[in-house]
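In: need coordinates for the below:
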Amino acid sequence: MTAAHAVSIAVTFTWLGMVFAISFLEAPLKFRAPGVTVRLGLGIGRLVFRALNVTEMVWAALLVAGLLIEGPPVRVAVAGATAVAVLVVQLVGVRPRLTRRSDRVLAGEDVPRSHAHYVYIGLEVVKVVALLATGVLLLGV
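Out: You can find the predicted model right below:
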């Protein structure tokens, strides 16, 4: 196993674990904690997701570099590229809408629930599947 291959595996499963922990555990649970209002939860969520997304960009860059160096089978490259593409769509297409809505909520406006939130969650599921597939396929190469 090359160093690039080992790094690609480590990055993939670390990224997967972070998405699971934050998107599917921390994000929904914080709103159930005693005393956490929607405004407070959104403020916390914005900080946490900003940090997650910055970290995800680093993981994505490392994964792309590792895959370019090792030249994996097409199925591995497609799975990895899918995870990276989903991240880009989330950051460029969905996060700005969510940020605009949370800005309004934090300013005290009463705004309806955003459909962009559901799109983001759906994309998180696709990203998790893509990362899991990437990691499993890398283990088999």
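In: got the buried residues for stretch 90-106?
Out: For stretch 90-106, a neighbour-count test (16 or more other Cβ atoms under 10 Å) marks Gln90, Val94, Arg95, Leu98, Arg101, Ser102, Val105 as buried. (Glycine included, C-beta is placed from N, CA and C.)
In: show me what the helix ranked longest in the chain is packed up against.
Out: Longest helix of the chain, by residue count under DSSP state H: helix 38-70. Counting contacts by 3 or more Cβ pairs under 8 Å, 6 or more residues apart in numbering; DSSP states H and E, helix 38-70 packs against helix 3-21, helix 27-30, helix 74-89, helix 95-106.
In: relative to Trp59, which of those is closest?
Out: With Cβ to Cβ as the criterion, Trp59 lies closest to helix 3-21 of the helices and strands packed on helix 38-70, at 4.0 Å.
In: just want the angle from that closest one to helix 74-89.
Out: 50 degrees (axes from the mean of the first three to the mean of the last three Cα atoms, to 10 degrees).
In: by how many degrees do helix 3-21 and helix 38-70 diverge?
Out: Angle, helix 3-21 to helix 38-70, by the same axes, to 10 degrees: 160 degrees.
In: pull stretch 132-141 out as PDB, backbone CA atoms only.
Out: The C-alpha trace of stretch 132-141 is given here as PDB (Å, rounded to 0.1, in the frame of the first residue of the first chain):
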ATOM      1  CA  LEU A 132     -18.600   5.100   2.600                       C
ATOM      2  CA  ALA A 133     -18.300   3.600  -1.000                       C
ATOM      3  CA  THR A 134     -15.000   5.400  -1.500                       C
ATOM      4  CA  GLY A 135     -13.600   4.100   1.700                       C
ATOM      5  CA  VAL A 136     -14.800   0.500   1.200                       C
ATOM      6  CA  LEU A 137     -13.600   0.500  -2.400                       C
ATOM      7  CA  LEU A 138     -10.200   1.900  -1.400                       C
ATOM      8  CA  LEU A 139      -9.800  -0.900   1.200                       C
ATOM      9  CA  GLY A 140     -10.400  -3.400  -1.600                       C
ATOM     10  CA  VAL A 141      -7.800  -2.000  -3.900                       C
END
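In: having no further points to raise, I will conclude here.
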